[in-house]
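In: what follows is a protein structure lacking sequence information:
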């Protein structure tokens, strides 16, 4: 049971490049989410999903796309990287029951630098 | 938009002293979760509170959820060096799955 895995661990992009951050979980959780954490700050929700085929925007969705074709995977796409997207990105998953989420399990994070 | 503030931002304590962090939301929350993040690490779940006025204890940690479900607190009794890290509260606005994280309280414990 690997929990939540994220790849890559580190990435450097040039302004304007695109890339996909991968996230996978093996706990059969319905709820998955992406957060970004800037230095010395809290986490901000980018996008989330309550099941395969269902996604919704969080607090800071601009510049990012997501899709959820399977329960296990929730990739985050940066369309055209900008220096303002330099951050640590965390993926998380949680079971969903009775209309609410439970404990969120976080992946180890991807540290992204955009030059 | 919804905001969740935590105070204090930083706290330095001597080992053995108590510590409290307060979490205040601008809107009513469905539930509140608390996480601990060590430097360079990822957030680790501590507890979830759901009911108005709920109080839960985990060994030296005591968590409270306010009556109006807009505030919460975490109290650590007799801190240890292993308590070092940043403590975050987080919760979704009632009726949504959009989690908002608090600004965090960074705790340093001096041996």
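Out: Here it is on my side, so go on. As the structure is a prediction and not an experimental result, all values here were calculated from the model.
In: relative to chain B, how far out is the closest residue in space to residue A:74 that isn't next to it in sequence?
Out: Once flanking residues are discounted, residue A:74 sits nearest to residue A:32: 4.1 Å by CB to CB, 6 or more residues apart in numbering or on different chains. Glycine gets a C-beta too; all of them are placed from N, C-alpha and C. Computed with CB to the nearest CB, to the nearest Å, the distance linking residue A:32 and chain B is 11 Å.
In: show me the beta-bridge partners of residue A:32.
Out: Bridge pairing for residue A:32 (DSSP bridges) gives the partners residue A:49, residue A:93.
In: same question for the one 4 residues further on.
Out: With beta bridges defined as DSSP bridges, residue A:36 has these partners: residue A:44, residue A:89.
In: what does chain A put close to chain B?
Out: For chain A, the residues in contact with chain B (CB under 8 Å from any CB of the partner chain) are A:31, A:33, A:35, A:41-45, A:48, A:50, A:56, A:58-59, A:90, A:92, A:96, A:100-109.
In: ok, now with 6 Å
Out: Contact residues (CB under 6 Å from any CB of the partner chain) of chain A with chain B: A:42-43, A:45, A:50, A:58, A:90, A:103, A:106, A:108-109.
In: which one (most neighbours) among those residues?
Out: residue A:43 (28 neighbours; other CB atoms under 10 Å in any protein chain shown).
In: so what's that residue up against?
Out: Neighbour list for residue A:43: A:35, A:37, B:101 [criterion: CB atoms under 6 Å, 6 or more residues apart in numbering or on different chains].
In: repeat for residue A:85
Out: residue A:114.
In: redo that, cut-off 8 Å
Out: Going by CB atoms under 8 Å, 6 or more residues apart in numbering or on different chains, residue A:85 touches A:36, A:63, A:78, A:112, A:114.
In: related to what we said a few turns ago, for the contacts of residue A:43, pick the one with the most neighbours.
Out: residue A:35 leads those on contacts (other CB under 10 Å) with 28 neighbours.
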